[in-house]
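S.K.: mind folding the following:
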Amino acid sequence: MSALNPETVDELIYTRNIGIMAHIDAGKTTTTERILYYTGKSHKIGEVHDGDAVMDWMEQEQERGITITSAATTCAWKDHRINIIDTPGHVDFTIEVERSLRVLDGAIAVFDGVNGVEPQSETVWNQANRYKVPRICFINKMDRVGADFEMSIGTIKDRLQANPIAIHLPIGSEENFTGIVDIVANKALFWDSDGLGESYRTEDVPPDLREKTASFRSELLEAVAEFDDELMEAYLEGEDISEEKIYSALRKATLSLKATPVLCGSAFKNKGVQPLLDAVVKYLPSPLEVPEIEGMDPEDESKKIPCKTEFDAEPVALAFKLATDPFAGSLVYTRVYSGIVKQGVALLNPRTGKKERIQKIVKMHANSREEVSELKAGDIGAIVGLKFTTTGDTLCSTKAPIALESIQVPEAVIALAIEAKSTAEQKKMNEALERLQKEDPSCYVKEDPETGQMLIHGMGELHLEILVDRLLREFKVQANVGKPQVSYRECIASKSVGSSTFEREVGGKLQFARCKLQIEPVGKSEGLIFENEVKSEIPAEVLRNIKEGFFESCENGMLAGYKIVDIKATLLDIEVREEALFPIAFKIASSMALREALKANESHLLEPIFSLEITTPEEFMGSVIGDLNARRGRVDSMNAKGTLQVVKGEAPLMSLFGYATDLRSISQGRASFSMEFKEYERIPPKVEKEILQGMGRA
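M.R.: Predicted coordinates:
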């Protein structure tokens, strides 16, 4: 990085952009509420179970007691400014975690002290790995019956393949949990049960924990010595090592993603949150300590452009989330990477090629807003009134165009039919659906080509339930809603070739295009691939239209109208007539050639398969496994966890509708489960035939 402006360094070194991520019900929102209270951002502690948590501001969140949308806020702790995003834990809202981690510099991973690493913990951890986000771990709920700090650390090591380093030890357990031992400082911190945990007292480590603390401290020193040569030397020679040196080495290990500090506490009982805030400041990076991100030239994607974290650089920002505000209209949540985004300036959106004027800028606190005149490099805020910008778009200076890497959108696996109750409601419904799609890229609306029904596609039953609830309640659309149905995919069985000629006179001018495509199946989850094997030079606009014709036609397969996946198209031949050259004609010819190749091939249906983790008392194991087998499911492993059994397996989504109710019924309400999309898999021929007959396609 080039020498930085002192003003930039001074301001950004005291900034932290962090997210709070975890499995559903591990206590993310409860932890965030305490952070807001202790930093003075809130004057009272909101509780999730009472429906008054500040960060769960949507009606749907308050009613269900879960986080649905990621909420952003800013608070201050010990001269540091902390921008926080509280993310959902439910697998149906994984896009919220994805786009939050894309713009964050660090994260707090919260774990339930009774369960340790749970399925969605693994998902969010892997998302953080993909974006190389340094993180610290907070083992929460240490006051609960069955909480086990060392077991939780073991699951972080085994299930996440991480390198957890304990810097806390719990004092007492379950209802006797009273505080923590700070292993680095070699001190005990106690919170009184009275009050809201605003203050705590520091004492010597209790005698019964001194031996255990010394053992953990020795492990800590041995682990961090690897990251600091000076500390390693001192450790080998048996010298006393200062707290500052330990902090420095542990910070280095955390920022390089080679280790993760582990803390503990009980957010609900107001214990351990202030040390967690101290750890955010000590171990997580400022915007200056993360690698410079690279963008690309919008005209030439192979040309990389570094994006410097500097106030006096040209502005570059990433739009990572859209939200609809009843008073402000469209809000575009933005992370600024370079320069300063100022009110009144016009910035370029390289994807659309259009300029957007920045009319109003706000800093968010859940769903309330504070108007500001600018956002600087390292800031997270929202811009009001952008017309053409959507999730994953870059906003940059017209003088220095740059496109940042966009955001991965997960596969929608489930759909339901919806129709307006009247013609008057239809227009309102279309507008509402358009806004929902802009806000949430993991939801999309498509018309069934056969029935003409409008289908909303989403990530799961809960996701669709929330989308429909918002349509009816927030947008006040009157509509009839069908039952959820599986969103299948189509694939091909072998190699085939199709060629097509498009020749038509339009407005007295002849349009001509001919192309020949070969299609073949590729590996699972490889998506759509297009290659050009024509040796002669093809005009760029013509080739772009041929590609578009292929990609767009793959949206509707020949078998049942579902999206075609895992297919490679190779352009074998093309005929261009200069006097009748209209690039759009090649888009039509390409689409027709693909249809011809599909007709000469055999198509099959793929269905979404979900991973399951079922926790059940021993006496219901036989019923649970028998039920899973009846659903075309498969058991992968069974492990004892205290008095319970944990069954891991997988099953097709079509057999899992209503599973929560059925599982409660066969286990007398004592079993629980979590499920997560795994992959698309070929449907057995007999089942495929039954599905197609049900659709009237057999």
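S.K.: any stretches of this structure with poor pLDDT?
M.R.: The chain contains residues with pLDDT under 70 at 1-10, 42-70, 89-91, 325-328, 365-367, 449-451, 698.
S.K.: can you check which helix is longest in it?
M.R.: Assignment by DSSP state H gives helix 207-225 as the longest helix of the chain.
S.K.: tell me what it is packed against?
M.R.: Contacts defined by 3 or more C-beta pairs under 8 Å, 6 or more residues apart in numbering; DSSP states H and E place helix 207-225 against strand 164-166, strand 168-171, helix 229-236, helix 243-255. In this view, the C-beta of every residue, glycine as well, is placed from N, C-alpha and C.
S.K.: strand partners of the shortest one, parallel vs antiparallel please.
M.R.: Strand pairing for strand 164-166, determined by DSSP bridges: strand 260-264 (parallel).
S.K.: just name the most buried of the helices and strands packed on helix 207-225.
M.R.: With neighbours taken as mean count of other C-beta atoms under 10 Å, those reach their highest mean count in strand 168-171, at a mean of 24.
S.K.: listing partners with orientation, what would you give for it?
M.R.: Strand 168-171 sits in its sheet next to strand 179-182 (antiparallel), going by DSSP bridges.
S.K.: the strand it pairs with: what's the following helix or strand?
M.R.: As assigned by DSSP states H and E, the chain's next helix or strand after strand 179-182 is strand 187-190.
S.K.: and the longest helix of the chain, which residues are buried?
M.R.: By 16 or more other C-beta atoms under 10 Å, the buried positions in helix 207-225 come out as Leu209, Thr213, Phe216, Arg217, Leu220, Leu221, Ala223, Val224, Ala225.
S.K.: distance from stretch 587-599 to the middle of the chain?
M.R.: Taking C-alpha atoms, centre = their mean, to the nearest Å, one finds stretch 587-599 lying 35 Å from the centre of the chain it belongs to.
S.K.: now do the strands in the stretch 401-550 of the chain.
M.R.: Per DSSP state E, counting those that start in this stretch, the stretch 401-550 of the chain carries strands over the ranges 403-404, 414-420, 444-447, 454-458, 479-481, 485-486, 489-492, 496-506, 509-521, 528-532.
S.K.: if you count neighbours, what's buried in the last one?
M.R.: Same thing as strand 528-532. So, applying 16+ other C-beta under 10 Å, buried residues of strand 528-532: Leu528, Phe530.
S.K.: what does it rub up against?
M.R.: Strand 528-532 is contacted by residues 522, 538, 543, 547, 550-551, 554, 564-565, 567-571 when judged by C-beta atoms under 8 Å, 6 or more residues apart in numbering.
S.K.: quick one: that strand to chain centroid distance?
M.R.: Chain-centre distance of strand 528-532: 28 Å, with C-alpha atoms, centre = their mean.
S.K.: now Pro306. Nearest residue, chain neighbours left out?
M.R.: Here the nearest residue to Pro306 in space, its sequence neighbours aside, is Glu292; by C-beta to C-beta, 6 or more residues apart in numbering that works out to 5.2 Å.
S.K.: was I right to think that neighbour contacts Cys307?
M.R.: Yes - contact criterion C-beta atoms under 8 Å: Glu292 and Cys307 qualify, at 6.0 Å.
S.K.: the two - which one has more neighbours?
M.R.: Cys307 (22 against 14; other C-beta atoms under 10 Å).
S.K.: that one: what's it in contact with?
M.R.: When contacts are counted by C-beta under 8 Å, 6+ apart, Cys307 is found next to Glu292, Ile293, Glu294, Gly295, Val316, Tyr337, Ser338, Ile402, Leu404.
S.K.: and the closest residue in space to Gly523 that isn't next to it in sequence, what does it touch?
M.R.: Nearest residue to Gly523, sequence neighbours excluded (C-beta to C-beta, 6+ apart): Asp566, at 6.8 Å. Asp566 makes contact with Cys491, Pro521, Val522, Gly523, Lys524, Ser525, Glu526, Gly527 under the criterion C-beta under 8 Å, 6+ apart.
S.K.: thinking again about what came up before, for the strands of the stretch 401-550 of the chain, give me CSV that also has distance to Ile666.
M.R.: Formatted as CSV, these follow (distance: least, C-beta to C-beta, whole Å):
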stretch, distance to Ile666
strand 403-404, 49
strand 414-420, 24
strand 444-447, 35
strand 454-458, 27
strand 479-481, 29
strand 485-486, 23
strand 489-492, 31
strand 496-506, 47
strand 509-521, 39
strand 528-532, 42
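S.K.: and Asp194, which of these is closest to it?
M.R.: Nearest to Asp194, of all the strands of the stretch 401-550 of the chain, is strand 454-458, at 45.9 Å by C-beta to C-beta.
S.K.: from the chain's centroid, how far away is the longest helix of the chain?
M.R.: 36 Å.
S.K.: please begin residue numbering at 32 from this point
M.R.: Taking 32 as the first residue, the last one we looked at is helix 238-256.
S.K.: which other residues reach it?
M.R.: Taking C-beta under 8 Å, 6+ apart as the rule, helix 238-256 contacts 194, 196-198, 200, 202, 212, 214-215, 217, 219, 236, 262-263, 266-267, 272, 277, 280-281, 284, 290.
S.K.: apply 6 Å and report the result again.
M.R.: By C-beta atoms under 6 Å, 6 or more residues apart in numbering, the residues outside helix 238-256 that reach it are Ile196, Ala197, Val212, Ile214, Val236, Leu262, Met263, Tyr266, Ala280, Leu281.
S.K.: widest-spaced pair of the contacts of strand 559-563?
M.R.: Ile569 and Val596 (26.3 Å).
S.K.: no further queries at this time; thank you.
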